[in-house]
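S.K.: Pasting the sequence and the predicted model now:
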Amino acid sequence: MSSTTTARDADSRDSREPGQGEEHDWEWRRRIRANPKSARLYRIGVGVLGALVVIVGIVLLPFPGPGWLVIFLGLGIWASEFERAQRLLGWVRAKVQAWWDWLERKGWWAQALAGLATFVLVVAIFWAMFAVSGVPGLLPDFAENWLDDVPGLGG
């Protein structure tokens, strides 16, 4: 038995032991990538799944809620396999972190103003959505009655 084989066997044993970190965690991906057909199918699957998640996020954008979060989740799925998506996700993270750092440096008043602006935007989106589609009937009666009194929503 050669020393290369012995060293490789020792490395593979180390990577299979619990708690060995990233080596052990990503072994399944190395096995998929070892076969060109399974690697291609896996990349196609990641691409399709990421696209579906991003599309759902885009559909959710006009509504209050996690539209951007869902888009970033889809981008993260893509980034697990595609280098361009990794770069884009890194750029987005840097921009969000820079904005957050800027907001923290401005103090509580800027944070409160950003929170108020977000609240006003969410209320405006709900108002526009209800003005176009009507107040949903699944809301409790007191909420429906209250929303019917809001200008532009009442019938």
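M.R.: Yes, it's here.
S.K.: So what's the residue count around G76?
M.R.: Using other CB atoms under 10 Å, G76 has 14 neighbouring residues. For the C-beta atoms, the positions are set from N, CA and C on the backbone; glycine is no exception.
S.K.: in terms of contact, does it touch G90 like I think?
M.R.: No. With contact defined as CB atoms under 8 Å, G76 does not count as touching G90 (11.1 Å).
S.K.: now P36: how far from R84?
M.R.: Separation of P36 from R84 (CB to CB, to the nearest Å): 21 Å.
S.K.: again but with W78, I slipped
M.R.: Distance from W78 to R84, by CB to CB: 8 Å.
S.K.: When those two are compared, which one has more neighbours?
M.R.: Using other CB under 10 Å as the criterion, W78 and R84 rank with W78 on top: 21 against 9.
S.K.: Is it correct that the more buried one is in contact with A85?
M.R.: Yes. Between W78 and A85 there is a contact at 3.6 Å, judged by CB under 8 Å.
S.K.: what do those two both touch?
M.R.: G50 (CB atoms under 8 Å, 6 or more residues apart in numbering).
S.K.: low-confidence ranges in this structure?
M.R.: 1-25, 64, 154-155 (pLDDT under 70).
S.K.: just the helices in this protein please.
M.R.: Counting by DSSP state H, the chain has helices at residues 3-16, 22-25, 27-34, 36-60, 67-79, 83-106, 108-133, 141-148.
S.K.: Pick the most buried one from those.
M.R.: helix 67-79 (a mean of 17; mean count of other CB atoms under 10 Å).
S.K.: Can you name every helix or strand that it contacts?
M.R.: helix 36-60, helix 83-106 (3 or more CB pairs under 8 Å, 6 or more residues apart in numbering; DSSP states H and E).
S.K.: Go through the ones you listed and name the closest to F142.
M.R.: Evaluated with CB to CB, these place helix 36-60 nearest to F142, the distance being 27.1 Å.
S.K.: and for the closest one, what are the contacting residues?
M.R.: Contacts for helix 36-60 (CB under 8 Å, 6+ apart): 32-33, 66-75, 77-78, 80-82, 85.
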